[in-house]
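1. Dropping a prediction and its sequence here:
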Amino acid sequence: MFKKAQKDLYKIQYSNGEISKELPIAELIDGWVIVDGLGVCKYFKNGSEITFGEFELDYERFIFTSVAESPTAKPSDPIGAKNASSGDSAKNASSGNSAQNASSGDYAQNASSGNSAKNASSGNSAQNASSGNSAQNASSGNSAKNASSGDYAQNASSGDYAQNASSGNSAKNASSGDSAKNASSGDYAQNASSGDYAQNASSGNSAKNIVSGKNSVCFDCGIGGVIKAVKGTYIALAEWVYDDKLKHFVCVATATAKVDGKTLKENAFYGLYNGKFTEIDFTDNIKAAVISSKRNIKKLQNITDKNRIGDGIFYAVSDGTHWAHGDTIAKAKESLIYKISNRDTSKYKNLKLSDKLTFEDAVKLYRVITGACEYGVRSFVASLPKDKIKKQYTIKEIIELTKGQYGSDSLAQFFRK
């Protein structure tokens, strides 16, 4: 409830009986009420949702969604909560899914534990933390810290001396300020820095590290990790291979080098194989060792699931825009023609997610809609566990199975109705 003190000033009574100080209503914009000294309140007319506390004003209901200065404020798993603060040293916390925490003052702290949360800060020395999946942490001030433990999290900072850390799988850490630090321990993580004197470190498997700032260092001690960096960057990698007797991966070599533009090319991915830095290609999301590269033709060698360079030789051919793979240059060119040709997808437009296709028809559908080359699809199928190979698949299963592969977004979009 509320008690009116004077014009445009209000006192809020919390559930424990305590009365707030006099609070002026500063602004009402698009359903949001800015309460000086308290934070942001969401406006609901005839609403019934309760998050951290509530008060009434002129027979209309407002829902308080900021933890600042609330004696009894405790997250109660609200869905889609929004917390905003503009003062220094503010603290925003949410535990529900799809929550949004924003602060513009210095030394702010934003924390979320639900999935798909978004934490943003523009002040210096801010701290953003998330533990749910698909969370996004962003900071533009200096000395900011972004941390995430959920899968598919994204941490981004543009200020100097920023620190981005992720422990979940498939996380993305990006920094553009100088002297930034990016660290990831989950698998398939991506660390990128464009500022000078940056430090990138990853311990998870199959991580991608990109360094474009000067005088930086990058270490990757995970299985199958790769680093791409500019000239002058020091890089370090570990080589892990699967031991058939021990039934797990073991580290067989480590190496450190400086990207000099000669022995190690600038802005090219490198992995460690057979104890040597090896150029790695990711055309169409197919990881392969580069044997040679001339103009629009790459000669490649496959990398096995045991993280060894295999015996298979194949090629990637480009028309300047698109790439396609093949066992020979001629077959790669045939696949390239197929990829850039007009493919008739009309026969698939009426299919539903529950409709089933045979294995062979599923492959045809995928190639026609995405334009994926024959070699890429064949390699993907060969990499699938035996329990994933079936006689029939629903459209939904095909979309789930091919996530992250070439053209997977186009496939999902095609059936998004």
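-> Looks like it arrived, so ask away.

2. Low-confidence regions, this structure specifically.
-> 1-82, 85, 87, 96, 417 (pLDDT under 70).

3. Helices of that one, residue ranges please.
-> Secondary structure of the chain (DSSP state H): helices located at 329-340, 359-370, 374-383, 395-401, 408-414.

4. Quick check: which of these is nearest to I280?
-> Each of the helices of the chain has some distance to I280 by CB to CB; the shortest is helix 374-383, at 15.3 Å. Quick note: C-beta positions are derived from backbone N, CA and C, even for glycine.

5. in the closest one, what counts as buried?
-> 374-377, 379-380 (16 or more other CB atoms under 10 Å).

6. Equivalent analysis for stretch 205-220, please.
-> By 16+ other CB under 10 Å, the buried positions in stretch 205-220 come out as 205-213, 216-220.

7. Now the two most distant members of those residues.
-> Spatially, the most separated pair among the buried residues of stretch 205-220 is N205 and G213, at 25.2 Å (CB to CB).

8. What is the neighbour count of V290?
-> 18 (other CB atoms under 10 Å).

9. Now do it against Y270, distance only.
-> Separation of V290 from Y270 (CB to CB, to the nearest Å): 10 Å.

10. do you know which of the helices of the chain lies nearest T254?
-> Of all the helices of the chain, it is helix 374-383 that lies closest to T254, at 26.9 Å by CB to CB.

11. Report the inter-axis angle for that closest one versus helix 359-370.
-> 130 degrees (axes from the mean of the first three to the mean of the last three CA atoms, to 10 degrees).

12. OK, contacts around D305?
-> 242, 383 (CB atoms under 8 Å, 6 or more residues apart in numbering).

13. Who does K294 form a beta bridge with?
-> Per DSSP bridges, the residues bridged to K294 are I297.

14. Now the common contact residues for V290 and Y270.
-> Each of 278-280 lies in contact with both V290 and Y270 under the rule CB under 8 Å, 6+ apart.

15. In strands, which of those residues appear?
-> Judged by DSSP state E, strands contain the following of the shared contacts of V290 and Y270: 278-280.

16. By neighbour count, which of these wins?
-> With neighbours taken as other CB under 10 Å, the top of those is I280, carrying 22 neighbours.

17. isn't that residue right up against I286?
-> No: contact criterion CB atoms under 8 Å: I280 and I286 do not qualify, at 10.6 Å.

18. on that earlier part again, K298: which of the ones in strands among the shared contacts of V290 and Y270 is nearest?
-> E279 (9.9 Å).

19. count of neighbours near K333?
-> Neighbours of K333 (other CB under 10 Å): 16.

20. bridging residues for the closest residue to it other than its chain neighbours?
-> Excluding its sequence neighbours, the residue lying closest to K333 (CB to CB, 6 or more residues apart in numbering) is V317, at 5.3 Å. Bridge pairing for V317 (DSSP bridges) gives the partners I297, A324.

21. what about V317, distance to A288?
-> From V317 to A288 the distance is 14 Å (CB to CB).

22. what do you get for E400?
-> For E400 relative to A288 (CB to CB), the value is 25 Å.

23. Repeat that for K306.
-> According to CB to CB, K306 stands 15 Å off from A288.

24. quick one: which of those two has more around it?
-> A288 (24 against 12).

25. For the more buried one, give the beta-bridge partners.
-> Beta-bridge partners recorded for A288 (DSSP bridges): D281, N302.

26. Make sure it is actually in contact with I313.
-> No: in this structure, A288 is not within contact of I313 by CB under 8 Å, at 9.8 Å.

27. so what sits against both of those two?
-> In contact with both A288 and I313: 300-301, using CB under 8 Å, 6+ apart.

28. if we can go back for a sec, turn the helices of the chain into TSV, including distance to N115.
-> Shown next, in TSV, are those (distance: least, CB to CB, whole Å):
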stretch	distance to N115
helix 329-340	36
helix 359-370	28
helix 374-383	28
helix 395-401	18
helix 408-414	19
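
29. Select, out of those, the one closest to A253.
-> helix 374-383 (24.5 Å).

30. what does the closest one rub up against?
-> Contacts for helix 374-383 (CB under 8 Å, 6+ apart): 284-286, 302, 305, 314, 324-327, 331-332, 335, 338, 363, 366-367, 389, 402, 405-406.
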